[in-house]
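Peer 1: Just a sequence and a predicted model for now, questions to come.
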Amino acid sequence: MKNINAFKEFLTDEVNLNQSRIDTLDQKIESIKTFLKENLDCYRKVEKQGSYAMQTIIKPVKENDEFDADLLVYCHEIEGWSPANYIQELHGLFKNSGNYSHLAKRKTRCVTLDYSGDFHLDLVPCVEEDDSTYICNFQENKFEETDGTGYRQWLSDKTTSTNGELKRVTRLLKYLRDHKKNFTVKSILLTTMLGNSVDSILRSEFKDTPAALFKIVNSLNTYLRNNPQMPVIKNPVLLDEDFNRHWDQEKYENFCDKISIYHEKIEDAYYEENRNSSILKWRKVFGDKFGTIIQNNSTPKIVVTPRKPHSIGW
């Protein structure tokens, strides 16, 4: 049984980042943009990046845990500057500011503003040349090609093809990873595999979140079964880059095993015809905060139960 309303409530109450924290983040970013416009001589523009930009950001496991967000800081190319100069300039600007000096930390490819107990914001300086975008490696003092906002657009197109459901499914799988802690996969790697998984599914089949979850996990599970050796997952808009860093065959096999288990549990819950039994089965996937059990003296809600096909592997 789909339990569509239970999914909506679960996403709102347990998975999605609180609106108040998003509002705080947006306000801080607007202040930072104003600060950069007024003080950074090479400033061009700022673009959201990562899960914050793609709307796949989720609530931290614990209430007081920090989340992270990324910004690309586009800079005019300065003659004579090395890659390290851009990070050094950005870092120095914040360190010499009364408002930001205690927050700023210089890292290899970014300057981090750490709002302790709430979030940290990674500001990544970049320059454009010949239709390509390059970020700066401070330690090695070299430019590294990146896709700019290309990946964000790729995922946006994939999300549109799923009637908006891909981003919700991505959040649900990230929630599973963070709360179950029984498999490890970087967010960019997981997001890419989920995005790739929608290609074989008709848009008309993305009717709602539980249907999309079932279809996408089924597609991903099939792909993993067909690839027992860890495949190279490439950046779909920058094919010279792969996302397999910090992943190995052992971690991949564990990921395959866990996705197979969750696929079976999702299928079981999806086709369960009894409403309460279905909620209990969904809880085997997402935990006890999913849904509510209707007592015998309650009026049952109208629910939609998908009909299980006879063919195997649908």
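Peer 2: Right, received. Where do you want to start?

Peer 1: all contacts plus neighbour counts: C-alpha atoms, from now on.
Peer 2: Will do.

Peer 1: so where is the stretch 101-250 of the chain shaky, pLDDT-wise?
Peer 2: Of all residues in the stretch 101-250 of the chain, none has pLDDT under 70.

Peer 1: can you give me the helices for the stretch 151-300 of the chain?
Peer 2: Assigned by DSSP state H, counting those that start in this stretch, the stretch 151-300 of the chain shows helices spanning 165-180, 187-197, 209-225, 249-271, 275-286.

Peer 1: Same list (those) but as TSV, adding distance to Thr292 and mean neighbour count.
Peer 2: Shown next, in TSV, are the helices of the stretch 151-300 of the chain (distance: least, Cα to Cα, whole Å; neighbours: other Cα atoms under 10 Å):
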stretch	distance to Thr292	mean neighbour count
helix 165-180	18	21
helix 187-197	28	19
helix 209-225	16	21
helix 249-271	14	18
helix 275-286	7	20
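
Peer 1: and of these, who's closest to Arg21?
Peer 2: helix 165-180 (16.6 Å; Cα to Cα).

Peer 1: domain ranges for this protein?
Peer 2: 16-146, 152-286 (automatic domain parsing).

Peer 1: chain center to the shortest one, what's the gap?
Peer 2: Put plainly, it is domain 16-146. 18 Å (Cα atoms, centre = their mean, to the nearest Å).

Peer 1: can you give me the end-to-end distance of it?
Peer 2: Domain 16-146 has an end-to-end distance of 28 Å (Cα to Cα, to the nearest Å).

Peer 1: same check, this time on the last one
Peer 2: By Cα to Cα, the extent of domain 152-286 from end to end equals 27 Å.

Peer 1: Can you classify Glu77 by secondary structure?
Peer 2: coil (DSSP: H, G, I helix; E, B strand; the rest coil).

Peer 1: residue contacts, Tyr134?
Peer 2: By Cα atoms under 8 Å, 6 or more residues apart in numbering, Tyr134 lies in contact with Cys126, Val127, Glu128, Phe143, Glu144, Glu145, Thr146, Gly148.

Peer 1: swap that for Phe206, please
Peer 2: Thr162, Asn163, Glu165, Ala212, Lys215.

Peer 1: Dump the domains of the chain into a markdown table; add distance to Lys2 as well.
Peer 2: Below are those laid out as a markdown table (distance: least, Cα to Cα, whole Å):
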| stretch | distance to Lys2 |
| --- | --- |
| domain 16-146 | 20 |
| domain 152-286 | 6 |
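
Peer 1: ok, back up a step: adding distance to Phe67, write the helices of the stretch 151-300 of the chain out as JSON lines.
Peer 2: Converted to JSON lines, the helices of the stretch 151-300 of the chain look like this (distance: least, Cα to Cα, whole Å):
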{"stretch": "helix 165-180", "distance to Phe67": "12"}
{"stretch": "helix 187-197", "distance to Phe67": "13"}
{"stretch": "helix 209-225", "distance to Phe67": "24"}
{"stretch": "helix 249-271", "distance to Phe67": "23"}
{"stretch": "helix 275-286", "distance to Phe67": "21"}
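
Peer 1: quick revisit: which entries within the contacts of Tyr134 meet the buried criterion?
Peer 2: Using 16 or more other Cα atoms under 10 Å as the burial test, the contacts of Tyr134 include Cys126, Val127, Glu128, Phe143, Glu145, Thr146, Gly148 as buried.

Peer 1: from memory the fifth one sits against Ile135, does it?
Peer 2: Yes - counting by Cα atoms under 8 Å, a contact exists between Glu145 and Ile135, whose distance comes to 6.4 Å.

Peer 1: rewinding a little: out of the contacts of Tyr134, name the ones that lie in strands.
Peer 2: Cys126, Val127, Glu128, Phe143, Glu144, Glu145, Thr146 (DSSP state E).

Peer 1: one step back: which of the contacts of Phe206 sit farthest apart?
Peer 2: Longest span within the contacts of Phe206, Cα to Cα: Asn163 and Lys215, 13.3 Å.

Peer 1: For stretch 154-168, buried residues please.
Peer 2: Leu155, Ser156, Lys158, Thr159, Ser161, Thr162, Asn163, Gly164, Glu165, Leu166, Lys167, Arg168.

Peer 1: Quick check: nearest residue in space to the second one, chain neighbours excluded?
Peer 2: By that I understand Ser156. Met54 (7.2 Å; Cα to Cα, 6 or more residues apart in numbering).

Peer 1: per-residue confidence at Leu71?
Peer 2: Note on Leu71: pLDDT of 98.

Peer 1: coming back round to it: okay if I get the ones in strands among the contacts of Tyr134 as TSV plus distance to Ser82?
Peer 2: TSV is the format used below for the ones in strands among the contacts of Tyr134 (distance: Cα to Cα, whole Å):
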residue	distance to Ser82
Cys126	12
Val127	11
Glu128	14
Phe143	9
Glu144	12
Glu145	15
Thr146	17
